[in-house]
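S.K.: just a sequence and a predicted model for now, questions to come.
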Amino acid sequence: KEGNVWRMGNRKEDIEQHPVLHNIRSIACGQDHVVCLDSSGRLWSFGENNRNQLGLLSASTTYQRAPVPVLKFEHKFLEVCCGTSHTVCIDLDLNCWSFGRNDRGQLGLSHFKQLTHPEKIETLSNISAISACGLFTLFKDTEGYVFSTGDNSYGQLGLGNEHTAVCAPTKIPSLLSVDSISTGYTHSLFLVQRALYVCGNNKLGQLGLGTKEENKQTIWHPIQADSAPPAIQASTGNHQSFVIDVNGMLWATGNNSHGSLGLGNTESQFSFVQVP
């Protein structure tokens, strides 16, 4: 509750407190990198930097063992999220910045070049929420419109199957008045007035569409997941989806081979089931 950061991971049995970071408000984790947002709006990063996902202004550092400031200039931030090897953040003016890996256009900068430093996404404004995972990113603006960019191999952008990758944020035309967004590794969730809409990869049941049929394994445009109850929150794992219903109960669907759904077994689910 004091806002200090503790860390644990490979080769360490004990949790270790790092003395530098204080008053931390939120943390975002990529595959092997971490970005922290403190109460003054500054970003700090550490971990893997092989794709410049730490925003260190230098490509020579392959990994960073201790937290360092992301930006040297005076920009303050409200929110940060991380994909596998890229980072996206919202500043105080509700503009978006991104850096790191960009081979699938996940930075939304209208090109596919990797960036060592944060660059403003000029085509976006009034962004209130961001979500990234894998090789793509979603943005929600203050009016409830959603924009997507990056890899679209499984339809996770919600834009149809015309392009396998998109390098500029593109509005998802079928979604209006979206309340929240969440990204899995290759699928996306959208809450609209407590109804759950989904798109992307459904091969492991992560969309909760209730079927293993081949024609339901890839969903190119958002559709409603009828097996999900009216929900107040939605969240994703890599290949799982979760919602909290209006009574505060947790529901889950998707890959459960390691017990990730919390159901007391290892049976994957293709429809949302209540977690006991």
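M.R.: Received it, and whenever you're ready, just let me know what you need.
S.K.: burial count for Gln274?
M.R.: Gln274 sits with 11 neighbouring residues when counted by other C-beta atoms under 10 Å. Every C-beta, even on glycine, is put in place using the N, C-alpha and C of the backbone.
S.K.: which residues does it bridge with?
M.R.: Trp251 (DSSP bridges).
S.K.: do the same with Trp97
M.R.: Bridge pairing for Trp97 - DSSP bridges - gives Cys89, Lys120.
S.K.: which residues are in contact with it?
M.R.: Applying C-beta atoms under 8 Å, 6 or more residues apart in numbering to Trp97 gives the contacts 75, 77, 88-91, 118-121.
S.K.: any idea which of those residues is closest to Leu138?
M.R.: Val88 (9.5 Å; C-beta to C-beta).
S.K.: coming back round to it: could you identify the buried members of the contacts of Trp97?
M.R.: Buried members of those, scored by 16 or more other C-beta atoms under 10 Å, are 75, 77, 88-91, 118-119, 121.
S.K.: now, among those, which is nearest to Gly237?
M.R.: Checking the buried ones among the contacts of Trp97 one by one against Gly237 (C-beta to C-beta), the nearest turns out to be Val88, at 19.3 Å.
S.K.: need the contact list for the closest one.
M.R.: 80-82, 96-98, 107-108, 130, 132, 137.
S.K.: per-residue pLDDT, it?
M.R.: On the pLDDT scale, Val88 is placed at 98.
S.K.: quick check: closest non-adjacent residue to it.
M.R.: Closest residue to Val88 apart from its sequence neighbours, by C-beta to C-beta, 6 or more residues apart in numbering: Ser98 at 4.6 Å.
S.K.: gap between that neighbour and Gln106?
M.R.: 8 Å (C-beta to C-beta, to the nearest Å).
S.K.: now for the two: what residues contact both?
M.R.: Joint contacts of Ser98 and Gln106 (C-beta under 8 Å, 6+ apart) are 86, 137.
S.K.: neighbour count winner among those two?
M.R.: Ranked by neighbour count (other C-beta under 10 Å), Ser98 and Gln106 place Gln106 first, with 29 against 26.
S.K.: I'd assumed that one was in a strand, is it?
M.R.: No. Counting by DSSP: H, G, I helix; E, B strand; the rest coil, Gln106 is located in no strand; its state is coil.
S.K.: contacts only, for the closest residue to it other than its chain neighbours.
M.R.: In this structure, Gln106 finds its nearest non-sequential neighbour in Gly150, 3.5 Å apart by C-beta to C-beta, 6+ apart. Contact analysis of Gly150 by C-beta under 8 Å, 6+ apart lists 83, 104-106, 108, 134-137, 157, 165-167.
S.K.: kindly recompute the last result at 10 Å.
M.R.: For Gly150, the contact set (C-beta atoms under 10 Å, 6 or more residues apart in numbering) comprises 83, 86, 101-108, 132-138, 156-157, 165-167, 169, 183.
S.K.: what's the helix or strand for it?
M.R.: strand 146-151 (DSSP states H and E).
S.K.: now the strands for the stretch 151-276 of the chain?
M.R.: 165-171, 180-183, 187-192, 195-201, 218-224, 231-236, 240-245, 250-254, 269-274 (DSSP state E, counting those that start in this stretch).
S.K.: closest to Ser40 out of these?
M.R.: strand 180-183 (26.0 Å).
S.K.: quick one: Cys82 and Ala132 touch, right?
M.R.: Yes. Between Cys82 and Ala132 a contact is recorded at 6.1 Å, counting by C-beta atoms under 10 Å.
S.K.: joint contacts of those two?
M.R.: 28, 30, 88, 100.
S.K.: show the contacting residues for the second one.
M.R.: Counting by C-beta under 10 Å, 6+ apart, Gly30 touches 45, 47-48, 51, 53-54, 81-87, 100-101, 132-133.
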